[in-house]
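Asker: no sequence on hand, only this structure:
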Ligand SMILES: [Zn+2]
């Protein structure tokens, strides 16, 4: 089935490559009528728009310098009824590190009980009290200056789902956040934060000393993986800690969406998440978030290597558990990881097999490569399709599931053929629309045009 295609550009640089009407012509080749901008808008902050201790920040010079160019493009988009969405209201898109660093960053708990802050451009915690007032101030600024903007796309903050330490500055680490931000939120939710910390340390301990019978206990547990982990590690609070992550994110997203609707009830809110395999760890329960958001954007990020890709995440989990448990066979660790995430990569029961899919010198790097064996056909028809069915089931309405699709964040880029297979599998599994965040290059664009829904 052809797909309603939304386009996202990660910066305003596309205006250097295309005259305004030529870019809109390009979008229309794929039937796209919606454009999301992943960059700040050229808006001077109005301190009156900010309800917290941060009164905005200046627009980055690189954006300010383009104001006339941007305004001309938006005028052209308006004339041609292109719908404009802003991703650049997200606090991590402000381009002002000094201001962003005023937001408390996530604190990751290490196995020895020490806490380490996440030094990332994207490391703020959703439970920081300044986060939402700052975010909504940015929304008000954009809405006041550009009433043409119809809605906003949110992306995080989220809790982590990776266990390899020092990866992405620990921004995606499972063992966050244990900062005062989350302690305060836990008190509001009448939770025992000290018990969560003991639970996380017990889980650390279990991950570092896995015994084969324990793996079977996790896999055989009649409830979900979180309950299985809690039972195997001998601390029921592990499941409660993961539920707290969900409660915190649901609370944050509900307040964010309500805050945007209070600015103008016509504004649309799209909320990003990871794939359903990972959302139980990140706190993004799509079923609980669906009533708050207008649509959901689970990220179909599949690459090997790089950051936050599905193959790469399996690889990092197994490699890390192998380092921590040299006495346990790889095959058993793969069974554990597949059991936790609820999918199995076809034909992949060893790290060697996974490394086939990325040029060797990039296997443990986050740099970009185009070389590596293709993913098997039944990965797309099996794993990708099942993840898409799960996101639709969890949201309840296919029209409100608009997956975010990208070729890579470093690692082995998906070539056009794999993007084509992904969209074919996702369409067969029931999606009606998606957000195309792929670089606009001839091969990728051919796929976008192939799958785009053209007007009659
Ligand atoms: Zn926190």
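Answerer: Everything's here; your move. Keep in mind that what you see is a predicted model, and the values were worked out from it rather than measured.

Asker: CA only for contacts and neighbour counts going forward, please
Answerer: OK.

Asker: the closest residue to residue 374 other than its chain neighbours in helix, strand or coil?
Answerer: Of all residues not flanking residue 374 in the chain, residue 357 sits nearest, at 6.2 Å (CA to CA, 6 or more residues apart in numbering). Per DSSP: H, G, I helix; E, B strand; the rest coil, the secondary structure class of residue 357 is coil.

Asker: looking at it, residue 306 is touching residue 312, isn't it?
Answerer: Yes: the pair residue 306 and residue 312 passes the contact test of CA atoms under 8 Å, sitting 6.9 Å apart.

Asker: quick one: name the residues of the stretch 1-150 of the chain near the ion.
Answerer: Residues of the stretch 1-150 of the chain lying close to the ion by CA under 5 Å from the ion are 106, 125.

Asker: buried sites along the lowest-mean-pLDDT helix or strand in the chain?
Answerer: Every helix and strand in the chain was compared by mean pLDDT, DSSP states H and E; the lowest is helix 225-233, with a mean of 83. Judged by neighbour count using 16 or more other CA atoms under 10 Å, the buried positions of helix 225-233 are 225, 226, 227, 228, 229, 230, 231, 232, 233.

Asker: angle of the next helix or strand after it against helix 225-233?
Answerer: Where DSSP states H and E defines the elements, the next helix or strand beyond helix 225-233 is helix 237-263. Per axes from the mean of the first three to the mean of the last three CA atoms, to 10 degrees, the angle that helix 237-263 makes with helix 225-233 is 150 degrees.

Asker: give me the mean pLDDT for helix 237-263.
Answerer: Computed over helix 237-263, the mean pLDDT rounds to 97.

Asker: and the next element down the chain from it?
Answerer: Taking DSSP H and E as the definition, the helix or strand right after helix 237-263 is strand 268-273.

Asker: next, the contact list for residue 289, please.
Answerer: 250, 253, 254 (CA atoms under 8 Å, 6 or more residues apart in numbering).

Asker: ok, and the most crowded of these?
Answerer: residue 253 (23 neighbours; other CA atoms under 10 Å).

Asker: would you mind measuring from that one to residue 247?
Answerer: 10 Å (CA to CA, to the nearest Å).

Asker: check residue 72 too.
Answerer: For residue 72, the distance to residue 247 - CA to CA - is 43 Å.

Asker: which one's more surrounded, the two?
Answerer: A direct count of neighbours by other CA under 10 Å for residue 72 and residue 247 places residue 247 higher, at 19 against 14.

Asker: quick check, the residue in the stretch 251-400 of the chain closest to the ion?
Answerer: Residue of the stretch 251-400 of the chain nearest the ion, by CA to the ion: residue 252 (11.8 Å).

Asker: leaving out the residues flanking it, which one is nearest to that residue?
Answerer: residue 126 (6.5 Å).

Asker: quick check: end-to-end length of stretch 227-239?
Answerer: 6 Å.

Asker: run the chain-centre distance for it.
Answerer: With CA atoms, centre = their mean, to the nearest Å as the basis, stretch 227-239 stands 26 Å off its chain's centre.
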